[in-house]
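**Q** fold the stuff below for me.
(2 chains)
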Amino acid sequence: MVQLNLPENSKVKTGKYFKDKTGSKNIRKVNVYRWDPSTGENPRIDTYEVDMDNCPSKVLDVLNKIKNEIDPTLAYRRSCAHGVCGSCAMNMGGKNGLACTTPHAEIDGDLDIYPLPHLKVKRDLIGDLDGLYKQYESIEPWLKSNSKSETSEIYQSKEDRAKLDGAYECIMCACCSTSCPSYWWNGDKYLGPAVLLQAYRWIVDSRDEERKARLKKVADELKLYRCHTILNCTNACPKGLNPAKAIAEIKKMLATTNV
Amino acid sequence: MENNSPLSPHLQIYRWHISSLVSISHRITGIINFVALILICIWTAMLLLGEANYSSIEYFLSSIFGKFIVLGLSWSFSFQILSEIRHLIMDMGYGFELKTTRISGLLVIFGSIFLTIIIFVIGKNLI
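**A** As a prediction, the model looks like this:
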């Protein structure tokens, strides 16, 4: 049965309040989800008053500012800061995205920052994505070719290459999968938009020779058909990709081919 | 320690948008319609059993609560049909661009209200 409420140990409490010390007139309240594994306490929301006059434009800049100038105990993942690595995926203003590409000016009111939804929290804004990576591994995301020669290249026409556009750009940041209510309730079985988009990427690759086996593998009520086109995934994708459409295309292929 | 990890908030914090609203409403109206169809079957069966039943149902349906139920069902049926058409088109692989999904979602919401009004007008013999 679907559990709509958070379990008892996950209920969020009000945390500390960090008052502004710079005396700035341009203050923004930033509410950040905090959880410290060493204390055994429930997660809490800490509120920081941030001086926006001396803060660059993205949400990641706000977090860096908090960590560098206000509270060094804050933990979050980040690396490239250019929307390429996918590390800083989190929930900002009620929507998943990359902190490094989301302008804080686009979020109205107080800036609420949570980890990606419905994940086991490791600490503060860091969620546990192991389940998703295992699922990614399960679709065998590599080229499978039976061709004997390993030295000559496999040709691909421009048209066939174009089929991969919109699928190969995925950076596996998990914004889409963790935005999906179906994935929240059935994340153990349903593959979720990120992994299904990658499954699609290998199914449509003209160089791959295991198309039917791949289709057969995802043709499962729970793995694939838990998608009910809620479209949270497409709305969340920071790279502007369309996992919902890819899932619909897989469903269509299964309906029209004999696997 | 790992087992003690909290679950990050999900439904509590995620912002609604048109497509998710239409999707959840589709489910809810689906359940309502399922129950309503059973009730309608019982209602028609009761009609067969005699005039006394007919007048008591008539009495119920002309009460304010009864009218609310009838109008509500007209809306939930209208919504379900339009939303189902939207899903059908999506199942064919069309209409997945973000802008299109918003427009089609709004069409479903306002279309269902419009259809309800049409059903009301026709039912009242106003045209």
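
**Q** so which residue of chain B comes closest to chain A?
**A** B:R15 (3.2 Å; CB to the nearest CB). For the C-beta atoms, the positions are set from N, CA and C on the backbone; glycine is no exception.

**Q** helix, strand or coil: sort out that residue for me.
**A** State at B:R15, reduced to three classes by DSSP: H, G, I helix; E, B strand; the rest coil: coil.

**Q** in terms of pLDDT, where does the residue nearest to it when sequence neighbours are not counted sit?
**A** Spatial nearest neighbour of B:R15, chain neighbours left out: A:G94 (3.2 Å); criterion: CB to CB, 6 or more residues apart in numbering or on different chains. We have a pLDDT of 96 for A:G94.

**Q** how many residues are close by A:G94?
**A** A count of nearby residues for A:G94, using other CB atoms under 10 Å in any protein chain shown, gives 15.

**Q** in contact with it: list those residues for me.
**A** By CB atoms under 8 Å, 6 or more residues apart in numbering or on different chains, A:G94 lies in contact with A:112, B:13-15.

**Q** save those as TSV, and put in neighbour count, pLDDT and distance to A:D36 too.
**A** Output for the contacts of A:G94, formatted as TSV (neighbours: other CB atoms under 10 Å in any protein chain shown; pLDDT from 0 to 100; distance: CB to CB, whole Å):
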residue	neighbour count	pLDDT	distance to A:D36
A:D112	18	97	19
B:I13	16	96	20
B:Y14	23	97	24
B:R15	14	96	27
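
**Q** which stretches in chain B count as helices?
**A** According to DSSP state H, chain B carries its helices in the segments B:18-48, B:51-62, B:64-91, B:98-123.

**Q** and these, which one averages the lowest pLDDT?
**A** Among the helices of chain B, helix B:51-62 carries the lowest mean pLDDT, at a mean of 85.

**Q** angle of that helix against helix B:18-48?
**A** 150 degrees (axes from the mean of the first three to the mean of the last three CA atoms, to 10 degrees).

**Q** for helix B:51-62, packing partners?
**A** helix B:18-48, helix B:64-91 (3 or more CB pairs under 8 Å, 6 or more residues apart in numbering or on different chains; DSSP states H and E).

**Q** from the contact counts, what lies against the first one?
**A** If I follow you right, that is helix B:18-48. helix A:232-236, helix B:51-62, helix B:64-91, helix B:98-123.

**Q** identify the residues contacting the first one?
**A** By that I understand helix A:232-236. Contacting residues not belonging to helix A:232-236 are listed as A:95-97, A:175-177, A:179-181, A:193-194, A:241-245, B:14, B:17, B:19-20, B:96, B:98, B:101 [CB under 8 Å, 6+ apart].

**Q** do stretch A:38-50 as well
**A** A:9-20, A:27-35, A:62, A:65-66, A:70-71, A:110, A:121, B:4, B:6.
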